[in-house]
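S.K.: with the sequence up front, the predicted model follows.
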Amino acid sequence: EAVSIYRQLRAAMRLGMALDTVAKAHLACRVAAQRSDRTDASLWERQHQLKAKTAATEALTILSQRTTADWLAACVTARCTLLSVRALEHPDSGSQGQGAAGLRDLKLKKTFGYAGGLEKPIPFTRFDIRNDVCLRV
């Protein structure tokens, strides 16, 4: 209901935050569907997964439009939610049983360098940007 109200008011930031909350709620419902004894639990799980992905994607699209501090904080939260949803889609993700054990065995090659913060002196850090690593982490 909040999403439809914020759409009518054209309150973009509030709409994005509400969509992010909806995505998180669908993730929680997905977990509840996994634990359910219902015969159609996998169908419910997939439906909540799709709804969470749709809401999180729209939230990130809306919140990425501006770069002020308050919008940026909301955008980062929405991006984390979307990454959580996408991680559940990957067959090697923790939801399929590998979890943190697979991440401990992962050998990182930190090749992509960038400025790691805004403080002075600017710290320099590196990330491993290989596709298979990004998808697993």
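M.R.: All right, it came through fine.
S.K.: mind listing the helices for this structure?
M.R.: When secondary structure is read from DSSP state H, the chain shows helices at 2-9, 12-35, 41-63, 69-89, 99-104, 131-136.
S.K.: so where's the protein shaky on pLDDT?
M.R.: Filtered on pLDDT under 70, the chain yields the residue ranges 90-119, 122-137.
S.K.: mind checking the helices of the chain for the one nearest to residue 120?
M.R.: The closest of the helices of the chain to residue 120 is helix 69-89. By CB to CB, the value is 19.2 Å. Every C-beta, even on glycine, is put in place using the N, C-alpha and C of the backbone.
S.K.: and the gap between residue 88 and residue 26?
M.R.: As judged by CB to CB, to the nearest Å, residue 88 and residue 26 stand 11 Å apart.
S.K.: go on, residue 53?
M.R.: Applying CB to CB, the value for residue 53 to residue 26 is 9 Å.
S.K.: do residue 43 as well
M.R.: Computed as CB to CB, the residue 43 to residue 26 distance reads 14 Å.
S.K.: okay, those two: which has more neighbours?
M.R.: residue 26 (22 against 11; other CB atoms under 10 Å).
S.K.: quick check: closest non-adjacent residue to that one.
M.R.: Distances taken as CB to CB, 6 or more residues apart in numbering put residue 52 closest to residue 26, at 3.7 Å, once the chain neighbours are dropped.
S.K.: residues touching that neighbour, list them.
M.R.: 23, 24, 26, 27, 30, 81, 85 (CB atoms under 8 Å, 6 or more residues apart in numbering).
S.K.: may I ask which two of those residues are separated the most?
M.R.: Applying CB to CB across the contacts of residue 52, the maximum distance is between 30 and 81, 12.7 Å.
S.K.: of the two, which one has the most company?
M.R.: Between residue 30 and residue 81, counted using other CB under 10 Å, the more crowded position is residue 81 (25 against 21).
S.K.: surely the more buried one meets residue 54?
M.R.: No: counting by CB atoms under 8 Å, residue 81 stays clear of residue 54, with 11.9 Å between them.
S.K.: mutual contacts of residue 88 and residue 26, please.
M.R.: Contact criterion CB under 8 Å, 6+ apart; residues shared by residue 88 and residue 26: residue 49.
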